[in-house]
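J.: Next input, structure requested:
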Amino acid sequence: MTPMTPPPAVRAERRAYACFFAALVAVVILCTWGTGFNPFALFAQGDAFWAFFAEDFWPPRMPERAGRLEAILGGILVTLAMAIASATVAAVLAFLTALFASERVSPFPRVAPVVRGLATFVRNIPALVWAFILFSSLGIGTGVGFVALGLSSHAFLVRAFAETMEDMSQDCLESLLAVGATFPQRVVHGILPSCMAGLVSWYLYSLEVNIRASAVVGMVGGGGIGLVLFSYIKSFNYHVAFFIILLIAALVIAVDWVTGRLRKELAQ
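T.: Numbers count the residues shown, from 1 in each chain. Have a look, this model is predicted:
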């Protein structure tokens, strides 16, 4: 039997995928050569890494003193509270800002591109960089972590909320506008009911990101469990540090599971 020849559209799609894969491999090789990075060195030096992990990190060990365990659990609670507080405050401020960042909603459409551009600029600066910038002025503490996470979350949510408002149906807003509703009335009776599910879903995603980022921000002076973890690493107490890392991983997994379930409920 003569093998079936794929349709021209299928052959074109396969050629496109092959070209994309070849281009991707070429880019990886070029970047590897340009940076002088040898990926095979990781395999050659893998024994040293596993020996270090087995001797210094494994097994995870709880601190011997009860007061230190309480400090670790307290750091977990501070990290969770800092992430929730920064995401919540950022979400409220981002909603107010997004009202002026969406051209379809803003009472000043010409200002919308400027607001979105500023949000994009701030969003492209990681929370870790904001923590380094704020560290010199605010010092060590949860204030640095709260502001750093809040800035990143606010900029991210402004873009996300604005795009959610852009996708909403205009029928309700046009009806409110036709009966002479003011801008606050259009927000309360039109925008919020139409976009609430999307806004809450983006807020939950921002909360997930903040939980992960708060540990990293804490290591550079943002407080919480990250600062506690860095103190144990700096004192070469790797067994307890690994125990803290497992606690952070468990916290992130639990938050991801809860927020994932909530987002699925909102999507139904």
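J.: where are the low-confidence patches of the stretch 101-250 of the chain?
T.: Low-confidence segments of the stretch 101-250 of the chain, defined by pLDDT under 70: 169-174, 176-177, 179-181, 183, 221.
J.: for it, what spans make up the helices?
T.: Taking DSSP state H, counting those that start in this stretch as the test, the helices found in the stretch 101-250 of the chain are 112-123, 127-138, 142-166, 171-178, 183-186, 192-217, 225-234, 238-267.
J.: check contacts around Leu262.
T.: Contact analysis of Leu262 by C-beta atoms under 8 Å, 6 or more residues apart in numbering lists 200, 204. Every residue, glycine included, has its C-beta placed from N, CA and C.
J.: burial of Val220, as a residue count?
T.: 20 (other C-beta atoms under 10 Å).
J.: same deal with the one 3 residues further on?
T.: Here the number of neighbours of Gly223 (other C-beta under 10 Å) works out to 21.
J.: cool, the one 5 residues further on as well?
T.: For Val228, the tally of surrounding residues (other C-beta under 10 Å) stands at 25.
J.: Would you mind measuring from it to Leu246?
T.: Noted for Val228: a distance of 14 Å to Leu246, by C-beta to C-beta, to the nearest Å.
J.: Check Glu265 too.
T.: Distance, Glu265 to Leu246, using C-beta to C-beta: 29 Å.
J.: Quick one: residues contacting Phe230.
T.: Residues in contact with Phe230 (C-beta under 8 Å, 6+ apart) are 218-219.
J.: In contact with the closest residue in space to Trp58 that isn't next to it in sequence, which residues?
T.: Distance criterion C-beta to C-beta, 6 or more residues apart in numbering; nearest residue to Trp58, sequence neighbours excluded, is Phe242 at 7.1 Å. Shown in contact with Phe242 (C-beta under 8 Å, 6+ apart): 57-61.
J.: swap in Thr32?
T.: Thr32 sits next to 38-39 when contact means C-beta under 8 Å, 6+ apart.
J.: Check which helix or strand it maps to.
T.: For Thr32, the host element (DSSP states H and E) is helix 8-35.
J.: Run the chain-centre distance for that helix.
T.: Mean-position distance between helix 8-35 and its chain equals 29 Å (C-alpha atoms, centre = their mean, to the nearest Å).
J.: In it, which residues are buried?
T.: Within helix 8-35, not a single residue qualifies as buried, counting by 16 or more other C-beta atoms under 10 Å.
J.: do the same with stretch 119-137
T.: Residues 119, 122-123, 127-128, 130-131, 134-135 are the ones in stretch 119-137 that count as buried (16+ other C-beta under 10 Å).
J.: Relative to Phe161, which of those residues is nearest.
T.: Distance to Phe161, by C-beta to C-beta, is smallest for Ala119 among the buried residues of stretch 119-137, at 9.7 Å.
J.: Leu93 is in contact with that closest one, correct?
T.: No. The criterion here is C-beta atoms under 8 Å, and Ala119 misses it with Leu93 at 11.2 Å.
J.: list the residues that contact both of those two?
T.: His154.
J.: What is the burial count for Glu103?
T.: Glu103 is flanked by 16 other residues according to other C-beta under 10 Å.
J.: dump the residue contacts of the spatially most central residue of the chain.
T.: Taking C-alpha atoms, centre = their mean, the centroid of the chain lies closest to Val209, which sits 3.1 Å from it. Contacts for Val209 (C-beta under 8 Å, 6+ apart) come out as 153, 156.
J.: what do you get for Ala101?
T.: Neighbours of Ala101 in contact, by C-beta under 8 Å, 6+ apart: 112, 115-116, 119, 158-159, 161-162.
J.: In PyMOL, how would I select just the buried ones from these?
T.: To isolate the buried subset of the contacts of Ala101 in PyMOL, counting by 16+ other C-beta under 10 Å, use the following:
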select buried, resi 112+115+116+119+158+159+161+162
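J.: surely Ala127 meets Met219?
T.: No. Using C-beta under 8 Å, Ala127 is not in contact with Met219; the gap is 11.8 Å.
J.: Identify the residues contacting the closest residue to Thr259 other than its chain neighbours.
T.: Among residues not flanking Thr259 along the chain, Leu204 sits closest, at 4.2 Å (C-beta to C-beta, 6+ apart). The contact partners of Leu204, by C-beta under 8 Å, 6+ apart, come to 259, 262-263.
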